[in-house]
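In: quick one: sequence and predicted model below, then my questions.
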Protein chains: 2
Amino acid sequence: MANVTIRDVAREAAVSVASASRALNGHKSVHSETRARILEVAERLAYVPHAGARSLSLSRAHIIGVVLPALHGEFFSEIVRGMDGEAVSRGYQLLLANMHMGSEETTKALRMMRGRVDGMVVMAPHGDPQELAGHLQSNVPAVMLNCSDPRERFPALLIENETGARAMTRHLIATGCRRIVHVSGPRGNIDADERTAGFLAAMAEAGLSDQASVIEGDFLEEGGVKAAHRLMAGDLPDAVFAANDMMAIGCMLALREGGISVPGELSLAGFDDIPAARYLNPALTTLRVNIADLGARAIQLVTRAIDGDDGSGPLSTRFSPDLMIRATTRPL
Amino acid sequence: MANVTIRDVAREAAVSVASASRALNGHKSVHSETRARILEVAERLAYVPHAGARSLSLSRAHIIGVVLPALHGEFFSEIVRGMDGEAVSRGYQLLLANMHMGSEETTKALRMMRGRVDGMVVMAPHGDPQELAGHLQSNVPAVMLNCSDPRERFPALLIENETGARAMTRHLIATGCRRIVHVSGPRGNIDADERTAGFLAAMAEAGLSDQASVIEGDFLEEGGVKAAHRLMAGDLPDAVFAANDMMAIGCMLALREGGISVPGELSLAGFDDIPAARYLNPALTTLRVNIADLGARAIQLVTRAIDGDDGSGPLSTRFSPDLMIRATTRPL
DNA sequence: CTGTTAGCGCCTTCAT
DNA sequence: ATGAAGGCGCTAACAG
């Protein structure tokens, strides 16, 4: 049987569609008897409003578009979990668009969202933020995650990458490490670059610039594995500071396989504090970023903007990661 | 500035909206000069079609609704990753609806999807499938994940839970374990129940029913931790078979803290083979379910159904998990 | 309180 | 090849 529309309900209840609409939406001005009849009919016909049509006429979709880069594992699930929770509690659903490919697919995804979402949260740590922002409709609120809109049209939520990386590097130095290698994220990724900068700065501060080196990674487990292999081929540094936990995990696995003891022969640190960081044995020293919270805050910001609470808040908020000293680095 | 619509484009190009529409959608019957002019104008005005209106008139949204239970960590990210990849490659986007709460929120989410999605994939391992299916519009294709529609209106993708659990239990027995405790998922969850059944069946088969016991868990890390504590309070069994990896991980962490050696004093096994299973030290023996693939297949099925390829395939497909023997169980 | 009318933005016959 | 008109399903004035 075809879809039952509000007209079917109206006809069956012998009223106009307007009345049906009013009754269905709980408007006051409708006689209680009429309303009851309408609701009864709707129930009997199993009527479900057509959300698409509804949002067209209301120009309100109750959907938030989420554009994410090809995210890996727990970072992805955590951030989506945070967003979803907040969104649902505010009556919104999430329209997802992972962008693995280049800007080609991304613009396409962005276009598909026009007229379908009330707001968006965009996370694009690499690539040209300039270009991305250009494809954003300027009339739908958006918030940027880990990348700032150069023209500052949209608020941004940033992680204090550099500060965090500095803190970790200092910790490493304080526990006696001198020769430290940083396994970075892919160059061009803003998080990656900031973390590298923090590392380099802290090393310089300590007069250890000549002891610092950087291996470019990919934010994936594999990148960590590769870096570890390269390290084991030469002589081991005092510590490895990976730009994220996934790579730290990869390092750890490779190191374990290679019979290197951590932190006995080598200290190891990560960044993010994904749940798996605690599963490692020994548990990974890392920087805790409350990922789910970050997602929730992003949703909070957009919904607020959608509801008109515009402009008041600060344009960009920075989240400070916390140093989580666990067992892969030596005690002080 | 307000949103630019197709009418703006038409007016600016001095044609009717019909022509504009045709040109924009690449229809043949439009003079190449007119088309060029229209496209030029659209470009200049930065016109982006209103997807909502478009799908209303085409009754085709190119969106697939995804309803998931409160999923944890990597299981969630893996399945969404699998779905998204397949969806994007077929020109669809994903509308997410995690249902944490009871059927209250779920029905609401389901209703919000009516007239907005072309198809849905629903995963509802616990709760009454009967009821859920009742809330599905019978005119939009759907596929069930890990739960079958009792009335068989929709195809289902199932994991061979019982077979898998049996295989693992047999492995445990073969490596010399006798007293085995199974930490189950929450009762009522179909995956949980089937896994428990498989465990019990294998124990009975081996004449070890009196050595079998079950502790009810929650599929979360915490459930594993609690179970381990309970175990350590009494005398240790030969093995613990957790109904999923998250709980196995919880067990492992608690056991490690309690100074119990695995698999020395106790064998440990999980189910799912989430990436973190390999991070443990020793690495977790488990049953590998290709989660991402499961998601991809689900999308494949719905899109196929949407495109009319209806009815041909088998009504339910079962995925067999593979036994991954790693280091938390003793070698044969 | 209720019905009529006019869109929301787009696509598609049906004429021309 | 192009334009006019109707409709997708629903809601919001505007009259009665």
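Out: Everything's here; your move. Numbers count the residues shown, from 1 in each chain, chains lettered A, B, ... in the order given.

In: if I look at A:A51, how far off is chain B?
Out: 4 Å (C-beta to the nearest C-beta, to the nearest Å). Any C-beta I mention is one placed from the backbone N, CA and C, and that applies to glycine too.

In: the closest residue to that residue other than its chain neighbours: what secondary structure?
Out: Nearest residue to A:A51, sequence neighbours excluded (C-beta to C-beta, 6 or more residues apart in numbering or on different chains): B:R116, at 4.4 Å. Following DSSP: H, G, I helix; E, B strand; the rest coil, B:R116 is assigned to coil.

In: report pLDDT for B:R116.
Out: B:R116 carries a pLDDT value of 96.

In: wait, it touches B:A61, no?
Out: Yes: using C-beta atoms under 8 Å, B:R116 makes contact with B:A61 at a distance of 5.9 Å.

In: quick one, strands of the stretch 151-300 of chain A?
Out: Residue ranges of the strands in the stretch 151-300 of chain A, as given by DSSP state E, counting those that start in this stretch, are A:156-159, A:180-184, A:212-216, A:239-242, A:267-269, A:286-288.

In: now those in a markdown table, with mean pLDDT and distance to A:F76?
Out: Shown next, in a markdown table, are the strands of the stretch 151-300 of chain A (pLDDT from 0 to 100; distance: least, C-beta to C-beta, whole Å):
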| stretch | mean pLDDT | distance to A:F76 |
| --- | --- | --- |
| strand A:156-159 | 94 | 16 |
| strand A:180-184 | 98 | 20 |
| strand A:212-216 | 98 | 22 |
| strand A:239-242 | 98 | 18 |
| strand A:267-269 | 98 | 22 |
| strand A:286-288 | 98 | 17 |
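
In: please identify the deepest-packed of the ones you listed.
Out: strand A:239-242 (a mean of 31; mean count of other C-beta atoms under 10 Å in any protein chain shown).

In: around DNA strand C, which positions in chain A sit nearby?
Out: A:14-19, A:22, A:28-31, A:33-35, A:53, A:56-57, A:59, A:115 (C-beta under 7 Å from any atom of the strand).

In: buried only: go through these for me.
Out: A:V15, A:S19, A:R22, A:V30, A:T34, A:R35, A:A53, A:L56, A:G115 (16 or more other C-beta atoms under 10 Å in any protein chain shown).

In: return the subset of the residues you listed lying in helices.
Out: Using DSSP state H, the subset of those located in helices is A:S19, A:R22, A:T34, A:R35, A:A53, A:L56.

In: near DNA strand D, from those?
Out: By C-beta under 7 Å from any atom of the strand, the members of those lying near DNA strand D are A:A53, A:L56.

In: widest-spaced pair of the ones in helices among the buried ones among the residues of chain A next to DNA strand C?
Out: A:T34 and A:L56 (26.4 Å; C-beta to C-beta).

In: one step back: what's the closest of the strands of the stretch 151-300 of chain A to A:E222?
Out: strand A:180-184 (11.5 Å).

In: does A:M123 touch A:A142 like I think?
Out: No: A:M123 is not in contact with A:A142 according to C-beta under 8 Å; the separation is 11.0 Å.

In: who has more neighbours, those two?
Out: Taking neighbours as other C-beta atoms under 10 Å in any protein chain shown, A:M123 and A:A142 compare with A:A142 leading, 25 against 20.

In: any idea how far DNA strand D is from that one?
Out: Distance, A:A142 to DNA strand D, by C-beta to the nearest atom of the strand, to the nearest Å: 25 Å.

In: what sits against that residue?
Out: Neighbouring residues of A:A142 by C-beta atoms under 8 Å, 6 or more residues apart in numbering or on different chains: A:G119, A:M120, A:V121, A:V122, A:L136, A:F154, A:V302.

In: give me the neighbour count for the fifth one.
Out: With neighbours defined by other C-beta under 10 Å, the count for A:L136 comes to 21.

In: now do the phi/psi pair for the residue in the stretch 201-332 of chain A that DNA strand D sits nearest to.
Out: DNA strand D sits closest to A:D307 of the stretch 201-332 of chain A, with a gap of 15.3 Å, by C-beta to the nearest atom of the strand. Torsion angles at A:D307 (phi, psi; degrees, to the nearest 10) stand at phi -80, psi 10.
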